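Asker: 3D model of this:
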Amino acid sequence: MAESLVAAWARSVSPERRAAAARSPVANSRLVSQLASDASPEVRVAIAARKSLPEELLKALRKDSDPAVSASARENPNYQPGFFDRLLGG
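Answerer: Predicted coordinates:
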């Protein structure tokens, strides 16, 4: 998918298109950061699952109020649980 198409989908009113943009390997860091705070949990789940997600975004998404988003962030292969995460089983 071309970067210009991904950028257009990231601005779509459709959460499904924004989630597709979030899953795209060509999404640049600005779009990833923007989509990490999207109103749709579906989009934030897609961002949380990205293997190349910056640590600060991964930390923020682990604390997301939507359980599906925080679970997706905890399942990210780059997630490094801290002491309290391990203590509490998360």
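Asker: what's around residue 53, how many residues?
Answerer: By other Cβ atoms under 10 Å, the residues close to residue 53 number 22. No exception for glycine: its C-beta is placed from N, CA and C like everyone else's.
Asker: Would you state the helices of the chain in chain order?
Answerer: Taking DSSP state H to define them, one finds helices in the chain at 3-10, 15-23, 29-35, 41-48, 55-62, 67-75, 83-88.
Asker: Comparing those by mean pLDDT, which bottoms out?
Answerer: Mean pLDDT per stretch puts helix 83-88 lowest among those, at a mean of 50.
Asker: does residue 57 really touch residue 33, like I thought?
Answerer: Yes. Contact criterion Cβ atoms under 8 Å: residue 57 and residue 33 qualify, at 6.6 Å.
Asker: Give me the more crowded residue out of those two.
Answerer: For residue 57 versus residue 33, the count of surrounding residues by other Cβ under 10 Å is larger for residue 57: 20 against 15.
Asker: Can you pull up the most central residue in the protein?
Answerer: residue 47 (1.8 Å; Cα atoms, centre = their mean).
Asker: Number of residues surrounding the closest residue to residue 2 other than its chain neighbours?
Answerer: The shortest distance from residue 2 to any non-neighbouring residue, by Cβ to Cβ, 6 or more residues apart in numbering, is to residue 26 (7.2 Å). Number of residues near residue 26 (other Cβ under 10 Å) recorded here: 13.
Asker: Correct me if wrong: residue 26 contacts residue 6.
Answerer: Yes. If you go by Cβ under 8 Å, residue 26 and residue 6 touch, sitting 5.5 Å apart.
Asker: Can you get me a residue count around residue 19?
Answerer: 23.
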